[in-house]
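Q: Make a model of this:
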Amino acid sequence: LNREPSEIDLTLSRVAGNNEDINSYLKYQSNLNKLDEISIRSSTSSLSQINKNISDILESFKIEDVDTNKIAKYVEEKFYKKIDLENLQSGLKNNEALIIYTFTWLNANLDEQKEFLIQTCISGSEIYTSYKELSDKESNLIFDISNILFEDLVLNKGQSKKTANEYYSVFEKGFICDPADYDRNNLITNFNEIFNPNLFYKNDYLIKKIDFKVFHNVYRFINQDLSNVNIDKYIGYGGVDYRGTIYKDLPDSVNEIKKSSKFFENRKTFLSIDASKENIQNSTDAYVHFAVHNDITTDENGNILSSLVLSGIGQKRFLYPKDIANKDFTNSFIVLSACDTFKNSVIGRSTTSNLYNAFLLSGAKGILSTSWDIESSSADEFVSTFFESTSFNRDIQTSFKSAQKKLLGSKKYNHPYYWASFNLYH
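A: A predicted model of the protein is given here:
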């Protein structure tokens with residue numbers, strides 16, 4: 001139910017200014033993150049380098065005096081508020097549910113670990129809690145679903161619907177609530193970086209007739225904006241010049257940007273060398289669309305971060321979370337048409353990507369992101385269909401489902417690996 005740690009850190013960095021307490025805390029927290037990151041580099045670092053990295057961090061710990069009480073008070077005032085169960089229920093419409101799944105485990109003995117899934121189901125009039133012990137197969141479906149689907153696609157096994165049905169059974173069988181019994185489902189988990197209700201299958205894919213919304217925490221569920229979007233401006237970045245780098249060109253990204261932009265009279269497109277960090281400006285009340293690579297890179301301070309890879313030279317081509325958090329994207333909707341932009345891919349305290357959270361903290365109204373690697377031509381089809389739909393119905397959720405259904409109904413892209421990776425927060 002909690003806030004993402006990076007959500008707090010990035011917000012504090014925006015308001016830090018000359019506040020010594022906040023600046024000290026951020027430096028302290030940065031050091032904690034660097035300790036986590038040392039393990040990532042351990043396989044390629046010498047023992048002397050690891051010792052030096054640890055010594056440098058410990059030295060900065062010694063000289064920093066952090067008033068954690070002030071920081072705790074600030075965070076409590078800005079990020080948390082009392083959650084009233086009655087208010088949660090009153091916000092749910094007829095035949096709508098808020099379902100929370102919690103994964104947990106315990107060590108039964110030295111050689112055995114038991115894993116459990118807990119379901120808390122809240123409707124307008126009822127609350128249920130139930131749990132079950134997970135089998136090894138069920139646990140594997142939860143944590144390795146993207147690889148299972150990829151293998152099915154590559155080896156042409158033809159088992160994707162069977163796999164999707166088994167995946168849904170993990171979250172339905174043995175529990176009091178069946179998500180298929182509700183017209184609208186609001187879902188929260190403590191493993192949201194890998195959770196994918198797009199795959200729920202019971203006789204057919206449930207997305208065809210049921211609305212699913214996934215929230216990272218209960219605060220974002222409470223604060224959700226249910227209004228339709230009224231955005232007429234489009235800004236797109238793609239066709240990045242990756243010559244001379246380790247990154248492959250994305251030729252379909254040019255077509256994706258051009259096709260998507262044509263639905264807007266007020267549009268700007270930045271292609272090839274123009275798709276650069278220098279051209280990322282404050283963009284309010286706009287669709288901001290990136291069709292680029294996403295990668296884990298090291299910034300100038302040695303921090304390991306997710307970044308969007310744009311045109312440019314050296315470090316100047318990487319768009320980092322802090323770069324985004326310091327921009328103004330108020331009331332904009334962000335489309336991250338790049339591989340694996342939702343989950344946190346580096347060791348740290350957050351489950352969702354710092355990159356993803358940075359856009360939300362910069363004021364974005366919503367984000368279309370991805371849960372695993374995407375294929376370029378199917379991404380072009382999905383995203384351009386999404387924009388075509390938004391141009392006339394103004395409803396993000398409806399447009400998202402339209403894109404899902406189009407690929408699902410196509411002959412070329414009906415396998416869930418192509419379309420189920422896209423997820424929506426609005």
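Q: so how far is T298 from the residue located most distally from the centre of the chain?
A: Going by CA atoms, centre = their mean, the residue of the chain most distant from its centre is S48, 36.4 Å out. To T298, S48 is 19 Å away according to CB to CB, to the nearest Å. For every residue, glycine as well, the C-beta is placed using N, CA and C.
Q: Same question for Y168.
A: For Y168 relative to T298 (CB to CB), the value is 40 Å.
Q: And the two? Which one has more around it.
A: A count of neighbours by other CB atoms under 10 Å puts Y168 above the other of Y168 and T298, at 21 against 15.
Q: The more buried one: which element?
A: Assigned by DSSP states H and E, Y168 belongs to helix 160-172.
Q: What residues of that helix count as buried?
A: Under the neighbour-count criterion of 16 or more other CB atoms under 10 Å, helix 160-172 has 160-161, 163-168, 170-172 buried.
Q: now the closest residue to S146 other than its chain neighbours, what's its secondary structure?
A: Leaving out its chain neighbours, the residue that sits closest to S146 by CB to CB, 6 or more residues apart in numbering is W372, at 4.0 Å. With DSSP: H, G, I helix; E, B strand; the rest coil as the basis, W372 sits in coil.
Q: give me every residue that touches W372.
A: Counting by CB atoms under 8 Å, 6 or more residues apart in numbering, W372 touches 146, 150, 339-340, 417, 421.
Q: Then S377?
A: S377 makes contacts with D252, as judged by CB under 8 Å, 6+ apart.
Q: Wasn't it part of a helix?
A: Yes - according to three-state DSSP, S377 belongs to a helix.
Q: didn't W105 look like it was pressed against Q113?
A: Yes - using CB atoms under 8 Å, W105 is in contact with Q113, at 5.6 Å.
Q: quick revisit: for L98, state which of the contacts of W372 is nearest.
A: Comparing these against L98 with CB to CB places S421 closest, at 24.6 Å.
Q: which residues in the stretch 201-350 of the chain form helices?
A: Here the stretch 201-350 of the chain has its helices, by DSSP state H, counting those that start in this stretch, at 218-222, 251-261, 321-325.
Q: Return the alpha-carbon coordinates of the first one using CSV.
A: In other words, helix 218-222. What follows is helix 218-222, C-alpha atoms only, in CSV (Å, rounded to 0.1, in the frame of the first residue of the first chain):
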residue,chain,number,x,y,z
VAL,A,218,-3.6,3.0,-2.3
TYR,A,219,-2.8,6.8,-2.4
ARG,A,220,-2.7,6.8,-6.2
PHE,A,221,-6.0,4.9,-6.2
ILE,A,222,-7.5,7.6,-3.9
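Q: That helix packs against which elements?
A: The contact analysis (3 or more CB pairs under 8 Å, 6 or more residues apart in numbering; DSSP states H and E) places helix 218-222 against helix 85-90, strand 184-189.
Q: Could you say which of the ones you listed is packed most deeply?
A: Stretch with highest mean neighbour count among the helices and strands packed on helix 218-222: strand 184-189 (a mean of 20; mean count of other CB atoms under 10 Å).
Q: Can you name every helix or strand that it contacts?
A: Judged by 3+ CB pairs under 8 Å, 6+ apart, strand 184-189 is in contact with strand 96-109, strand 211-215, helix 218-222.
Q: list the buried ones in the last one?
A: Within helix 218-222, the residues that count as buried by 16+ other CB under 10 Å are 218-221.
Q: before we move on, what about the first one?
A: Taking 16+ other CB under 10 Å as the basis for neighbour counts, the residues of strand 96-109 that come out buried are 96-103.
Q: Please apply the same query to stretch 408-416.
A: Using 16+ other CB under 10 Å as the test for burial, stretch 408-416 gives 408, 413, 415-416.
Q: same deal with stretch 391-401?
A: So, applying 16+ other CB under 10 Å, buried residues of stretch 391-401: 391, 395-397, 399-401.
Q: between the helices and strands packed on strand 184-189, which gets nearest to E126?
A: For these, the distance to E126 is smallest for strand 96-109, at 9.2 Å, taking CB to CB.
Q: export that closest one as CSV, just CAs?
A: What follows is strand 96-109, C-alpha atoms only, in CSV (Å, rounded to 0.1, in the frame of the first residue of the first chain):
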residue,chain,number,x,y,z
GLU,A,96,-16.7,-2.4,-8.9
ALA,A,97,-14.0,-3.8,-6.6
LEU,A,98,-10.7,-2.8,-5.2
ILE,A,99,-8.6,-6.0,-5.0
ILE,A,100,-5.3,-6.1,-3.2
TYR,A,101,-2.9,-9.0,-3.7
THR,A,102,0.0,-9.4,-1.3
PHE,A,103,2.8,-11.9,-1.8
THR,A,104,4.7,-13.1,1.3
TRP,A,105,6.8,-16.1,2.4
LEU,A,106,8.2,-17.7,5.5
ASN,A,107,11.0,-20.2,6.2
ALA,A,108,9.3,-23.3,7.4
ASN,A,109,12.7,-24.8,8.3
